[in-house]
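*Asks:* Okay, sequence plus prediction incoming.
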Amino acid sequence: MTRTNILGLCAAVAVLVSACAAPNRPGSEQADMEPTFRVIRSEEAIEMLAQDPSILLIDVRTAGEFGSVHAVGALNLPLPDLAATIGGHAEDYGHTIIIYCQTGRRSREGAQALIDAGYTSVFDAGGIVGWAGETVSP
């Protein structure tokens, strides 16, 4: 083997080794997955709640909105207070939480806030305006 061939072989091995040691790139199968919430329909939320009564159903609207109408079994934790109050209801960051609001905007914000706080099983059921289950109203 000539000196040129040996140098070429060494360069090829170096490239292969560095490629294997390269950090994960976004979009690759090995890329670290950021935790995220999943958007679900109210029918799916209702089915999940029926199968597992320990799931928290959280309404992030104001107390006044909650008082006018809310899903049966929902807990009212208004969006501005959510991060500060959730720990009293879900100490385990793996606890399944379904969140909703009036139309879906605040539930999306709340779901992301829970993910940012470290919760890993968060579902956004949108708004009460599309809620297919039973509701409570005065």
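*Replies:* That came in fine, so what should we check first? If you're wondering where the values come from, they're calculated on a predicted model, not measured in any experiment.

*Asks:* So residue 126 belongs to a helix, correct?
*Replies:* No: checked against DSSP: H, G, I helix; E, B strand; the rest coil, residue 126 lies outside a helix; its state is strand.

*Asks:* Skipping its backbone neighbours, what lies nearest it in space?
*Replies:* Using Cβ to Cβ, 6 or more residues apart in numbering and skipping residues adjacent in sequence, the residue nearest residue 126 is residue 104, 4.1 Å away. The way it works is simple: take the backbone N, C-alpha and C, and place the C-beta from them, glycine included.

*Asks:* Looks like residue 55 contacts residue 49 (just checking).
*Replies:* Yes: the pair formed by residue 55 and residue 49 meets the contact definition of Cβ atoms under 8 Å, at 5.5 Å.

*Asks:* still on that earlier bit, who's in contact with the residue nearest to residue 126?
*Replies:* By Cβ atoms under 8 Å, 6 or more residues apart in numbering, residue 104 lies in contact with 124, 126-127.

*Asks:* Quick check: buried residues in stretch 38-57?
*Replies:* In terms of neighbour count (16 or more other Cβ atoms under 10 Å), stretch 38-57 has its buried residues at 40, 42, 45-46, 48-49, 55-57.

*Asks:* What count of nearby residues applies to residue 95?
*Replies:* Residues lying near residue 95 (other Cβ atoms under 10 Å) number 17.

*Asks:* ok so, going back, pull up the overlap in contacts between residue 55 and residue 49.
*Replies:* Joint contacts of residue 55 and residue 49 (Cβ under 8 Å, 6+ apart) are residue 98.

*Asks:* Spell out the residue ranges of the strands in this structure.
*Replies:* With DSSP state E as the definition, the chain shows strands at residue ranges 38-39, 56-59, 70-71, 75-76, 97-101, 122-127, 135-136.
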